[in-house]
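Undergrad: whatever this is, show me its structure:
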Amino acid sequence: MNSSIVSIVVFAVCVSQILCNPVAVSLNPKVAALKAFKAKTSPELYDKDVRPNLGEMPVKINVSMYVIDYNLDSPNREMMVNIYFRQLWNDPRLANEGITESAVGGKSLVDRVWIPDTFFANSMEVLANKYPTRNSFLRVEPNGNVFYSERIRVLFRCDARMSTKTDECDLEMESYGLGMTDIEYGWKNGETSVKFDQRGNNHNKYKMTQSLGKEEIKLLPTYVFDKHNYFILKELVILCNPVAVSLNPKVAALKAFKVKTSPELYDKDVRPNLGEMPVKVNVSMYVIDYTLDSPNREMNVNIYFRQLWNDPRLANEDITESAVGGKSLVDRVWIPDTFFANSMEVLANKYPTRNSFLMVKPNGDVFYSERIRVLFRCGARMATKTDECDLEMESCMSSELDIC
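TA: Have a look, this model is predicted:
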């Protein structure tokens, strides 16, 4: 009898814990930290498309690397390197004073939070180690510090404009879609931020010498808000317009975009102006590098492939800023089905993050950029000169009546 009574009491206590605090079901602090992290990053509370401190101050990304091995091809000015690429930043939305341990995990945790869109500007190929499992690691500390590590292999070109010495090779890091008013990069540990595996025979041959600054690619406006007015008006704004919960125009633009592109309101399989007029897609490219194989009449080219069109369904007169983001925003809207008719292989740069960028202006103009590598055949019917190579672009399913 006594044992039965004890069991009932213990069960009652457990039920009360679940009802009162679902995060603290386990007294194990590491489990509690993980459950608290998942509660913090639920889609209802956390928007991973919004960077930390958006509209207030840049987010500072501290970078470090651990070099496993590398190979320098001096004649071709190329280097192949295997690294653990590590980034550290603070996301105040993830801070939690109620826990004592860090939340630790892999790819599934990475997919729940905002991640910097860092890429290697002079890379030719970047591959992630996926097997047996994806080599990703995420640690979120109670103060909101986020540590993200990924094991990748990078093939990059040693750019002569960055170094005049034949034994130097510079790996250029940038944000794909953000300017310096939104993101700042720095070395995590100064001159010791790049470390080498001591088992390599030539690990002392190369070392990090300096962090080179680059000119800002694009300027983004900054805003100053009166915090007192913000808190006074917040409740009124929520009642009038749930999209404009924040007076930060960049955040408001992103939230308005997500409302506009909800599946109930927006069908991304329907092109703009369907049944009325063709959608005009303006194309541009920025060529990073290329190689021509004249005997085989083939060319390999690394490009930023850019497309611009207008989608009236995305126009919004109530916002003043553009909605800006990466792959997750791209997946919400109609995208032209452009393809390269004479291509043999097309690869997207996916690592450390997918090199995709989308900007939707208040008037409905959509700018979409993707970094890709295209191997294509030089069609003799298009060019008779042996030193010319034509890249043919078409729409896969649409005719000139639908897209031009």
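
Undergrad: how far does the helix or strand where Lys30 lies sit from the chain's center?
TA: In the assignment (DSSP states H and E), Lys30 maps to helix 29-40. Centre-to-centre, helix 29-40 and its host chain are 24 Å apart (CA atoms, centre = their mean, to the nearest Å).

Undergrad: do the same with stretch 344-364
TA: Put simply, stretch 344-364 sits 9 Å off its chain's centre (CA atoms, centre = their mean).

Undergrad: now for the helix holding Lys30, which elements pack on it?
TA: On a contact count with 3 or more CB pairs under 8 Å, 6 or more residues apart in numbering; DSSP states H and E, helix 29-40 meets strand 103-105. (C-beta placed from N, C-alpha, C; glycine too.)

Undergrad: paired strands for the strand it packs on, with orientation please.
TA: As defined by DSSP bridges, the strand partners of strand 103-105 come to strand 136-140 (antiparallel).

Undergrad: which residues touch the residue nearest to Val287 when sequence neighbours are not counted?
TA: Nearest residue to Val287, sequence neighbours excluded (CB to CB, 6 or more residues apart in numbering): Ile303, at 5.3 Å. Neighbour list for Ile303: Met285, Tyr286, Val287, Ile288, Arg371, Ile372, Arg373, Val374 [criterion: CB atoms under 8 Å, 6 or more residues apart in numbering].

Undergrad: poorly predicted segments of the stretch 1-150 of the chain, please.
TA: Where the stretch 1-150 of the chain drops to pLDDT under 70, the residues are 1-27.

Undergrad: how about the strands in it?
TA: Assigned strands in the stretch 1-150 of the chain, in chain order: 59-73, 78-90, 103-105, 118-120, 123-128, 136-140, 145-157 (criterion: DSSP state E, counting those that start in this stretch).

Undergrad: what's the third one in contact with?
TA: Right, the one you point to is strand 103-105. Lys30, Ala33, Leu34, Ala36, Phe37, Leu109, Phe137, Leu138, Arg139, Val140.

Undergrad: now render those as CSV, adding distance to Gly190 and neighbour count.
TA: Below are these laid out as CSV (distance: CB to CB, whole Å; neighbours: other CB atoms under 10 Å):
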residue, distance to Gly190, neighbour count
Lys30, 31, 14
Ala33, 30, 22
Leu34, 32, 21
Ala36, 33, 22
Phe37, 30, 23
Leu109, 29, 20
Phe137, 23, 18
Leu138, 24, 23
Arg139, 21, 15
Val140, 24, 28
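
Undergrad: and these as CSV, adding distance to Ile183?
TA: CSV is the format used below for the contacts of strand 103-105 (distance: CB to CB, whole Å):
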residue, distance to Ile183
Lys30, 31
Ala33, 27
Leu34, 28
Ala36, 27
Phe37, 23
Leu109, 21
Phe137, 21
Leu138, 19
Arg139, 20
Val140, 19
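
Undergrad: quick check on the residue most central in space within the chain: phi, psi?
TA: With distances taken as CA atoms, centre = their mean, the residue of the chain nearest its centroid is Asp117 (3.4 Å). Per-residue torsions, Asp117: phi -90, psi 50 (degrees, to the nearest 10).

Undergrad: could you check the distance from it over to Asn363?
TA: 25 Å (CB to CB, to the nearest Å).

Undergrad: kindly report the same for Tyr148.
TA: Distance from Tyr148 to Asn363, by CB to CB: 36 Å.

Undergrad: can you map out the helices along the stretch 201-350 of the chain?
TA: 227-240, 249-260, 327-330 (DSSP state H, counting those that start in this stretch).

Undergrad: quickly check the contacts of strand 103-105 for the two that are furthest apart.
TA: By the measure CB to CB, these have their two most distant members at Ala36 and Phe137, which lie 18.9 Å apart.

Undergrad: name the element Glu184 belongs to?
TA: strand 183-187.

Undergrad: which ones are touching Trp114?
TA: Lys48, Asp49, Val50, Arg51, Pro52, Asp91.

Undergrad: go with 10 Å
TA: 41, 46-52, 54, 59, 89, 91, 93-94, 146 (CB atoms under 10 Å, 6 or more residues apart in numbering).

Undergrad: repeat for Asp182
TA: Contact partners of Asp182, counting by CB under 10 Å, 6+ apart, are Arg51, Asn53, Leu54, Gly55, Met57, Pro58, Val59, Ser175, Leu220, Thr222, Lys250, Val324.

Undergrad: mind putting those in JSON lines, neighbour count and distance to Pro263 included?
TA: Listed next are the contacts of Asp182 as JSON lines, based on neighbours: other CB atoms under 10 Å; distance: CB to CB, whole Å:
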{"residue": "Arg51", "neighbour count": "25", "distance to Pro263": "25"}
{"residue": "Asn53", "neighbour count": "17", "distance to Pro263": "30"}
{"residue": "Leu54", "neighbour count": "20", "distance to Pro263": "25"}
{"residue": "Gly55", "neighbour count": "22", "distance to Pro263": "28"}
{"residue": "Met57", "neighbour count": "12", "distance to Pro263": "34"}
{"residue": "Pro58", "neighbour count": "18", "distance to Pro263": "33"}
{"residue": "Val59", "neighbour count": "19", "distance to Pro263": "30"}
{"residue": "Ser175", "neighbour count": "21", "distance to Pro263": "30"}
{"residue": "Leu220", "neighbour count": "14", "distance to Pro263": "30"}
{"residue": "Thr222", "neighbour count": "12", "distance to Pro263": "34"}
{"residue": "Lys250", "neighbour count": "24", "distance to Pro263": "24"}
{"residue": "Val324", "neighbour count": "23", "distance to Pro263": "22"}
